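>>> Make a model of this:
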Amino acid sequence: MKNKVKKIALVSGGFVSLALGIAGIGLPLLPTTPFLLLSAACFVRSSDRHYQWLINHKWFGRIIRDYRVHKSIPLGTKVFAISMLWATILYSFFFVAPMLWLRVLLIAIAIAVSAHILHFKTRGKKEDFPDENL
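Numbering: from 1, shown residues only. Just a heads-up that it's a prediction; the model follows:
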């Protein structure tokens, strides 16, 4: 009984984190990769079928493999993420946040998230990563 509850909780958590990861594609302050990694971790402990689906998924699988194997982010993903982040933060800075402390907080968040994204290796060409199918 306890294992069944644990499995249901992990599968549920996997789908919730997957949904948050998908939402993070369009919402700059919500990260995609950590939620996809959390989803994979939940599925690997609860459902081989869901785990295999996720790591072999056309879009999500590559993100998980790149992170797990290469600890890298593709250049296009970095550019898109940082561009969307700053566009949203600057919009909020000028048109939404009336208080100075909130504006300072927004800029601090943007700098921290940008630094976090930039600290990962940039994924190079396919030949730079011969173990692509891992």
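
>>> C-terminal to the least confident helix or strand in the chain by mean pLDDT, what's the next element?
The helix or strand of the chain with the poorest confidence is strand 72-74; it has a mean of 80 (mean pLDDT, DSSP states H and E). Where DSSP states H and E defines the elements, the next helix or strand beyond strand 72-74 is helix 75-91.

>>> name the helices or strands packed onto that following helix?
If contacts are counted by 3 or more Cβ pairs under 8 Å, 6 or more residues apart in numbering; DSSP states H and E, helix 75-91 sits against helix 100-118, strand 121-123. Just so you know, the C-beta spots here come from the backbone N, C-alpha and C atoms, and that holds for glycine as well.

>>> Show residues contacting the longest one.
With contact meaning Cβ atoms under 8 Å, 6 or more residues apart in numbering, helix 100-118 is reached by Leu29, Pro31, Ile73, Lys78, Ala81, Ile82, Leu85, Trp86, Ile89, Ser92, Phe93, Ala97.

>>> Buried subset of these, written for ChimeraX?
The ChimeraX command for the buried members of those (criterion: 16 or more other Cβ atoms under 10 Å) is given here:
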select :31,73,78,81,82,85,86,89,92,93,97
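
>>> What are the buried residues along stretch 65-82?
By neighbour count on 16+ other Cβ under 10 Å, the buried set for stretch 65-82 is Arg65, Asp66, Tyr67, His70, Ser72, Ile73, Thr77, Lys78, Ala81, Ile82.

>>> any idea of the angle the longest helix seen in the chain forms with helix 75-91?
Counting by DSSP state H, the longest helix found in the chain is helix 2-26. On the basis of axes from the mean of the first three to the mean of the last three Cα atoms, to 10 degrees, helix 2-26 is oriented at 70 degrees to helix 75-91.
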